[in-house]
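Q: what would the 3D arrangement of this be:
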Amino acid sequence: MKILGIIPARYDSTRFPGKPLIDLAGKSMVQRVYEQAKKASSLADVVVATDDERIYNAVKAFKGNVIMTSPNHRSGTDRCAEVCKKMIGFDAIINIQGDEPLIDPKQINLLANCFNDISTELATLVKKIESNKELFNQNTPKVIINKNSEAIYFSRQVIPFIKNVAAEEFLNTHVFYKHIGIYGYRTTTLGIVSKLKLGNLELSEQLEQLRWIENGYKIKVAITKNESLAIDVPEDVAKVLESLRK
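A: Sure, this is the predicted structure:
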């Protein structure tokens, strides 16, 4: 199994422009993500996929592998699909979030292991929800998993709803999972799902993975115990710097 790790990196983030190039204790965020990904033993290679020359030049400066892609992609999946056409010979692709500078290589390996099952088309990670704050946060997508470790549905709302139980007691009566936004695709599947049209479920929830489910694709799920720490807005930088100092 030959797996490529791709780090999509856009400069024009709505909430945090220039995010991949912010300085985190002497290294840019994109460099820190890249270096963490390179530690994953499951990956045959790692490449940054960007549409911005500033990011391209920054990656070249630390001698990283980088490729220019179209500025018209709507998602990281679409950007990965373009790279997949240019870098052939891989059996699967891992889409590594470019805003998680502390990503654990073990999480990448955990996701990659899903493709040891030849029936796996798509894969992602989830983590047990530990607090009501997470459970009721609409920015934290929840996921329901079937007995075959496949995602049934993702939602920004609490799913499943527990009837006849007070909301504050939900966690005491059921195990809820949140979605960790790292994806894996079998190469042949990536070429297909990247061409799927926007569906009603994705339009409603604003969650890309619902497009795949709505079109009948199965998403294999692996459960991680490690917490992810993403930088979505400038206020998140302090938390990452604090972790780097530990």
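
Q: what is the helix or strand bottoming out on mean pLDDT in the chain packed up against?
A: Every helix and strand in the chain was compared by mean pLDDT, DSSP states H and E; the lowest is helix 237-245, with a mean of 89. Applying 3 or more C-beta pairs under 8 Å, 6 or more residues apart in numbering; DSSP states H and E, one finds that helix 237-245 contacts strand 23-24. The way it works is simple: take the backbone N, C-alpha and C, and place the C-beta from them, glycine included.

Q: in three-state terms, how would the residue nearest to the spatial centre of the chain be classified?
A: Note on the chain: the residue nearest the mean C-alpha position is Ile182, at 2.2 Å, using C-alpha atoms, centre = their mean. At Ile182 the chain is in strand, as set by DSSP: H, G, I helix; E, B strand; the rest coil.

Q: what do you get for Ile6?
A: strand.

Q: if it is in a bridge, with which residues?
A: Val47, Asn95 (DSSP bridges).

Q: quick check: it touching Thr50?
A: No - contact criterion C-beta atoms under 8 Å: Ile6 and Thr50 do not qualify, at 10.6 Å.

Q: who has more neighbours, those two?
A: Taking neighbours as other C-beta atoms under 10 Å, Ile6 and Thr50 compare with Ile6 leading, 32 against 26.

Q: for that one, list the residues it contacts.
A: Ile6 is in contact with Val46, Val47, Val48, Ala49, Arg79, Cys80, Val83, Ile93, Ile94, Asn95, Ile96, counting by C-beta atoms under 8 Å, 6 or more residues apart in numbering.
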